[in-house]
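Asks: What follows is a protein structure lacking sequence information:
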């Protein structure tokens, strides 16, 4: 009878050891997943901060362009590189200018606006 009891105890210890190994494996997989998610989140936050910085710089430049008088806008008509951006100024109507600011690397449009500039009085018919 004693031999039978010893065999059951050994099997119970073997099953308990197997359960511990399975539990540790599940815990390790969960921990690895959490670390991967944290890393991906950190990268996403970094990319968002970089995009925000780029957009703020582009906005500051576009605000400066919006202050240009009519003569400066006429002088810059067309598509040209301006620092880190691609600036395109068009004049679809005599008093209307469209300004597009894009990324020189990706070509993606960052900002777009329209500006009104009244015609100079010497060019206006009486």
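Replies: It's in. Keep in mind it's a predicted model, so treat the numbers as computed, not measured.
Asks: rest of the way, CA atoms for contacts and neighbours
Replies: OK.
Asks: Residue 55 against residue 109, yeah?
Replies: No: with contacts counted by Cα atoms under 8 Å, residue 55 stays clear of residue 109, the gap being 10.8 Å.
Asks: so what secondary structure elements neighbour the longest helix seen in the chain?
Replies: When the chain is parsed with DSSP state H, its longest helix is helix 2-66. With contacts taken as 3 or more Cα pairs under 8 Å, 6 or more residues apart in numbering; DSSP states H and E, helix 2-66 sits against strand 109-116.
Asks: From the chain's centroid, how far away is the longest helix of the chain?
Replies: Helix 2-66 sits 23 Å away from the centroid of its parent chain (Cα atoms, centre = their mean, to the nearest Å).
Asks: how far off strand 109-116 does that helix point, in degrees?
Replies: Relative orientation of helix 2-66 and strand 109-116, computed by axes from the mean of the first three to the mean of the last three Cα atoms, to 10 degrees: 30 degrees.
Asks: In the protein, what helix or strand scores lowest on average pLDDT?
Replies: Lowest by mean pLDDT, DSSP states H and E among the helices and strands of the chain is helix 2-66, with a mean of 89.
Asks: in the helix or strand just after that one, what's buried?
Replies: The helix or strand immediately downstream of helix 2-66 is helix 70-75, counting by DSSP states H and E. For helix 70-75, the neighbour count (16 or more other Cα atoms under 10 Å) marks 70, 73 as buried.
Asks: just stretch 56-65 next, same as before
Replies: If you call a residue buried by 16+ other Cα under 10 Å, then stretch 56-65 has these buried ones: 58, 59, 62, 65.
Asks: is it possible to export these to CSV including distance to residue 44?
Replies: Converted to CSV, those look like this (distance: Cα to Cα, whole Å):
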residue, distance to residue 44
58, 21
59, 22
62, 27
65, 31
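Asks: can you give me phi and psi for residue 106?
Replies: With angles defined as degrees, to the nearest 10, residue 106 sits at phi -90, psi -20.
Asks: Contacts only, for it.
Replies: Neighbour list for residue 106: empty [criterion: Cα atoms under 8 Å, 6 or more residues apart in numbering].
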